[in-house]
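Asks: Can you look at this prediction? I've put the sequence above it.
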Protein chains: 2
Amino acid sequence: MTSRFSFSIAATDGAARIGTISMLRGEIRTPAFMPVGTAATVKAMKPADVRAAGADIILGNTYHLMLRPGAERVARLGGLHRFMQWDRPILTDSGGYQVMSLSELTKKSEEGVRFKSHLDGSAHMITPERSMEIQRLLGSDIVMAFDECTSYPSTRDAAAASMERSMRWARRSRDGFDSGAEHAARAALFGIQQGAMEEDLRRISAEKLIEIGFDGYAVGGLAVGEGQEIMFRTLDFAAPMLPADRPRYLMGVGKPDDIVGAVERGIDMFDCVLPTRSGRTGQAFTRSGPISIKNAKFAEDESPLDPDCACPVCTTWSRAYLHHLVRAGEMLGAMLMTEHNIRFYQALMADLRQAIAERRLTAFADAFRARYLGR
Amino acid sequence: MTSRFSFSIAATDGAARIGTISMLRGEIRTPAFMPVGTAATVKAMKPADVRAAGADIILGNTYHLMLRPGAERVARLGGLHRFMQWDRPILTDSGGYQVMSLSELTKKSEEGVRFKSHLDGSAHMITPERSMEIQRLLGSDIVMAFDECTSYPSTRDAAAASMERSMRWARRSRDGFDSGAEHAARAALFGIQQGAMEEDLRRISAEKLIEIGFDGYAVGGLAVGEGQEIMFRTLDFAAPMLPADRPRYLMGVGKPDDIVGAVERGIDMFDCVLPTRSGRTGQAFTRSGPISIKNAKFAEDESPLDPDCACPVCTTWSRAYLHHLVRAGEMLGAMLMTEHNIRFYQALMADLRQAIAERRLTAFADAFRARYLGR
């Protein structure tokens, strides 16, 4: 019998783990990278190509979807999976981060966040209960608790107050999620640790989340401008506070070298707009570091984007062609650059999984960094 | 042995014909629709999807390609086929039409057209000889003679003078094409009939072209704003003037009902930006006529774009999803709408070919029009 949610760890290497999350809509191999499908589409890619790239799960944005096409509309159309024709797991964020970063005239209170849509100025409110309801209407497989992403930098007092509120909202999220019994029997709920860069706040947050009890645990409040060094230093103490037998998800991360370092620190799941967004602006990821394909030096370069890449883009077209397409503003340029970048990220995750399975993660990570970062 | 260029007619039905053009890079089933790949890409589609849609040949624009990435550059990169990874026939236009419609500060003379690039203002000149050279550098399979598209409306005297110049340029195009012996041994050259809507001018033009001798003959100077009725009236006398044993190509046409009527009048080849451009602006072609997917009535419509379409878009996604994507400005919306439209056009051509083969074109065309035009 396939379970609603289970996580099994096949091997560990230092703090890193390789494992499998089993859900009703399919398995998720961890460490996993989730392509971001903001508005019910991984931008510029067909779902079949996202899957062919190796993605086991994608992410949908509650904030975007609640505004357009609207959660109730998606529900009437049979849910997000049917709407966009992606039949594997979908994780939805809570809307908490984007409501603060994208919407206008936000008013936060203990109840939740009142805001106006960045699309049409219409008035909305998200509370923990409403976030759970929206994610249920979307038919999410992994639901994220509604939290407040502590701003950076923040005073210690502000970080503590923000974390405490997020923990009260985590409790309300748990209750809201559980009240939708039918959906709760099919989906999972993740809690989100806050506490900025403060070890004791992170510990309090982890303890409160564990007391409530979640299927998985996310590290929130990182990748907010603190830089990789501080992020890794925080992960060094924050990640081990989260239960070892549950998936750990580092939200919004990141650059390839961020991911490698976070996997070494025990993180199992990632999401980031970087591969898709970069693809639309002419940046390609390669084993030797990122390149900007618009650069004039690529105008007659017949080699593939990444000479060590076996993806359909690299085995078919030249840098010269992609240079031309991107310079000419051709949609095919964005399509192919995005596909390569998603392939690159998924290949990196597969390499990481294999290195962990073979207990040679440190050697792999060092070699990856030496080449990718050129140092 | 595969020949450089041959055209065989398998069956006729009235003035209409079903046939096959055989070239070194593949066969072209006629009547054929050629998707337009302006800047070395059929916009928003991968070449494999263009082929899967049923296209045997695509069109490239000399004017666009000479300016970006440049014909010499394409040649250094191995030609247009290798550059864009389309290995079947490509027809290139002569640049004559677009240099007048898109560029700035054009100066026409007997020699050719001097102009400034609409991209960067750089100075260029196209002559019949340079057009042949560019098309050779691109590695075109079907090269179009360099002509002057007579403006509409035009006085009879102006139309006559313009046609006469085009015929002198047709001679120079023939000579220029033949001077590239290696390319001429692999490619074909088409002449273009001009003469506006005047029967006697069209006859003079046809006679001069036939005297020069071409592999195929295009009807130029139509689809320039004259409307379908005048276009059909002109085709009624202009098409039969062109050799029955050679392909006849109606340039820049058109709407589905234009194509059906032109096939009934003996035309074998078409190209038009309509399916691709419409796809990017939210218009879909259906058996019951065009629809604008942005229309609010489609917001929760779970039926496919065209209920009678077997294409991958119609068998996968709903109007509601496409409505959402296009409204949200998502690239996937343009991608899927374009793919459906190209599939629709190719399916129409396949239907026309079958109807001709079974000598029931009139019944097919009448039924198509009744449904498509709703009358």
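Replies: Nice, I can see it. Numbering: from 1, shown residues only, chains lettered A, B, ... in the order given.

Asks: Which of the residues in stretch A:257-274 are classified as buried?
Replies: The neighbour-count check on stretch A:257-274 (16 or more other CB atoms under 10 Å in any protein chain shown) flags A:257-272, A:274 as buried. To be clear about C-beta, it is placed using only N, CA and C from the backbone, and glycine gets the same treatment.

Asks: Quick one: classify A:M34 as helix, strand or coil.
Replies: Here A:M34 takes the strand state, with states given by DSSP: H, G, I helix; E, B strand; the rest coil.

Asks: what does chain A put close to chain B?
Replies: A:39-41, A:43-46, A:68-69, A:73, A:76-78, A:83-85, A:280, A:299-300, A:302, A:316-318, A:320-321, A:324-325, A:327-328, A:330-332, A:334-336 (CB under 8 Å from any CB of the partner chain).

Asks: What subset of the residues you listed is buried?
Replies: Burial by neighbour count, 16+ other CB under 10 Å: within the residues of chain A next to chain B this picks out A:39-41, A:43-46, A:69, A:73, A:77, A:83-84, A:280, A:299, A:317-318, A:320-321, A:324-325, A:327-328, A:330-332, A:334-336.

Asks: Can you name the residue of the stretch 101-250 of chain A nearest to chain B?
Replies: Scanning the stretch 101-250 of chain A for the residue nearest chain B gives A:L119, at 9.0 Å (criterion: CB to the nearest CB).

Asks: Nearest spatial neighbour of that residue, chain-adjacent residues omitted?
Replies: By the measure of CB to CB, 6 or more residues apart in numbering or on different chains, the closest residue to A:L119 outside its immediate chain neighbours is A:L67, 5.5 Å from it.

Asks: quick one: which of the buried ones among the residues of chain A next to chain B sit in helices?
Replies: In this view, those that belong to helices under DSSP state H are A:73, A:83-84, A:280, A:320-321, A:324-325, A:327, A:331-332, A:334-336.

Asks: buried sites along the helix or strand harbouring A:S166?
Replies: When elements are defined using DSSP states H and E, A:S166 is found to belong to helix A:156-179. Buried residues in helix A:156-179, counted by 16+ other CB under 10 Å: A:159-160, A:162-167, A:169-174, A:176-177.

Asks: I figured A:A347 hits A:D308, correct?
Replies: No: in this structure, A:A347 sits apart from A:D308 without contact. The criterion is CB atoms under 8 Å, and the distance is 9.5 Å.

Asks: So between those two, which is more surrounded?
Replies: Neighbours around A:A347 and A:D308, counted as other CB atoms under 10 Å in any protein chain shown, are more numerous at A:A347. The numbers are 20 against 11.

Asks: Distance check, the more buried one against chain B.
Replies: Here A:A347 is placed at a distance of 20 Å from chain B (CB to the nearest CB, to the nearest Å).

Asks: try A:G54
Replies: For A:G54, the distance to chain B under the criterion CB to the nearest CB works out to 19 Å.

Asks: Spit out the contact partners of the residue nearest to that residue when sequence neighbours are not counted.
Replies: Once flanking residues are discounted, A:G54 sits nearest to A:Q346: 3.5 Å by CB to CB, 6+ apart. Contact analysis of A:Q346 by CB atoms under 8 Å, 6 or more residues apart in numbering or on different chains lists A:33, A:53-55.

Asks: Quick one, grab the pLDDT at the closest residue to A:K294 other than its chain neighbours.
Replies: Closest residue to A:K294 in three dimensions, ignoring its sequence neighbours and counting by CB to CB, 6+ apart: A:G282, at 4.6 Å. Predicted confidence (pLDDT) at A:G282: the value is 98.

Asks: Ramachandran coordinates for A:G282?
Replies: phi 90, psi 10 (degrees, to the nearest 10).

Asks: where does chain A have low pLDDT?
Replies: Residues of chain A meeting the criterion pLDDT under 70: A:1-2.

Asks: A:S140 and B:F270, how far apart?
Replies: Distance, A:S140 to B:F270, by CB to CB, to the nearest Å: 47 Å.

Asks: which of the contacts of A:Q346 tops the neighbour count?
Replies: Counting neighbours by other CB under 10 Å, A:F33 comes out on top of those with 30 neighbours.

Asks: A:T38 contacts A:G60, doesn't it?
Replies: Yes: in this structure, A:T38 sits in contact with A:G60. The criterion is CB under 8 Å, and the distance is 7.4 Å.

Asks: Show me which of those two is the more surrounded one.
Replies: Ranked by neighbour count (other CB under 10 Å), A:T38 and A:G60 place A:G60 first, with 27 against 20.

Asks: can I assume the more buried one is in contact with A:H81?
Replies: No: the pair formed by A:G60 and A:H81 falls short of the contact definition of CB under 8 Å, at 9.8 Å.

Asks: Who are the contact partners of the nearest residue to A:S166 once chain neighbours are set aside?
Replies: The shortest distance from A:S166 to any residue that is not its chain neighbour, by CB to CB, 6+ apart, is 4.0 Å, and that residue is A:D147. Taking CB under 8 Å, 6+ apart as the contact definition, A:D147 lies against A:94, A:96, A:166, A:169-170, A:173, A:192, A:194, A:220.

Asks: who's in contact with A:A299?
Replies: A:320, A:323-324, B:69, B:73.

Asks: Let me know how buried A:N295 is, in neighbour terms.
Replies: Other residues within reach of A:N295 by the criterion other CB under 10 Å amount to 12.

Asks: Dihedrals phi and psi, it?
Replies: Dihedral angles of A:N295 (phi, psi; degrees, to the nearest 10) stand at phi -50, psi 130.

Asks: excluding its backbone neighbours, what's nearest it?
Replies: A:H323 (7.7 Å).

Asks: Setting aside sequence neighbours, what's the nearest residue to the residue lying farthest from the centre of chain A?
Replies: Distance from the centre of chain A peaks at A:E300, with 35.8 Å (CA atoms, centre = their mean). Taking CB to CB, 6+ apart as the measure, A:E300 lies nearest to A:A320, with 5.3 Å between them; neighbours along the chain are not counted.

Asks: OK, contacts around the one you found?
Replies: When contacts are counted by CB under 8 Å, 6+ apart, A:A320 touches A:298-302, B:69, B:77, B:83.

Asks: Among those, pick out the one closest to B:A15, please.
Replies: Nearest to B:A15, judged by CB to CB, of the contacts of A:A320 is B:F83 at 38.2 Å.

Asks: mind checking how far A:T20 is from A:L189?
Replies: 19 Å.

Asks: out of the two, which sits in the busier spot?
Replies: Remark: of A:T20 and A:L189, A:L189 carries more neighbours, 24 against 16, as counted by other CB under 10 Å.

Asks: and whichever strand or helix holds the more buried one, C-alpha only, in PDB?
Replies: Counting by DSSP H and E, the secondary-structure element that holds A:L189 is strand A:188-193. Taking C-alpha atoms only, strand A:188-193 is exported to PDB below (Å, rounded to 0.1, in the frame of the first residue of the first chain):
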ATOM      1  CA  ALA A 188       1.500  16.300   4.000                       C
ATOM      2  CA  LEU A 189       2.200  19.400   6.100                       C
ATOM      3  CA  PHE A 190       5.600  20.900   6.700                       C
ATOM      4  CA  GLY A 191       6.500  23.400   9.400                       C
ATOM      5  CA  ILE A 192       9.000  26.200   8.900                       C
ATOM      6  CA  GLN A 193      11.800  27.000  11.400                       C
END
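
Asks: And for A:Q228, nearest residue in space, chain neighbours not counted?
Replies: Nearest to A:Q228 is A:D258, by CB to CB, 6+ apart, at 5.9 Å.

Asks: close enough to count as contact, that neighbour and A:M231?
Replies: Yes: at 7.1 Å, A:D258 and A:M231 qualify as touching, with contact defined as CB under 8 Å.

Asks: Pop the domain breakdown of chain A in here.
Replies: Residue ranges of the domains in chain A are recorded as A:5-271, A:279-362, according to the TED database.

Asks: Output the contacts of A:A320 in CSV; the columns should cover distance to A:L352.
Replies: Compiled in CSV, the contacts of A:A320 are given as follows (distance: CB to CB, whole Å):
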residue, distance to A:L352
A:F298, 29
A:A299, 34
A:E300, 35
A:D301, 29
A:E302, 31
B:P69, 38
B:L77, 36
B:F83, 35
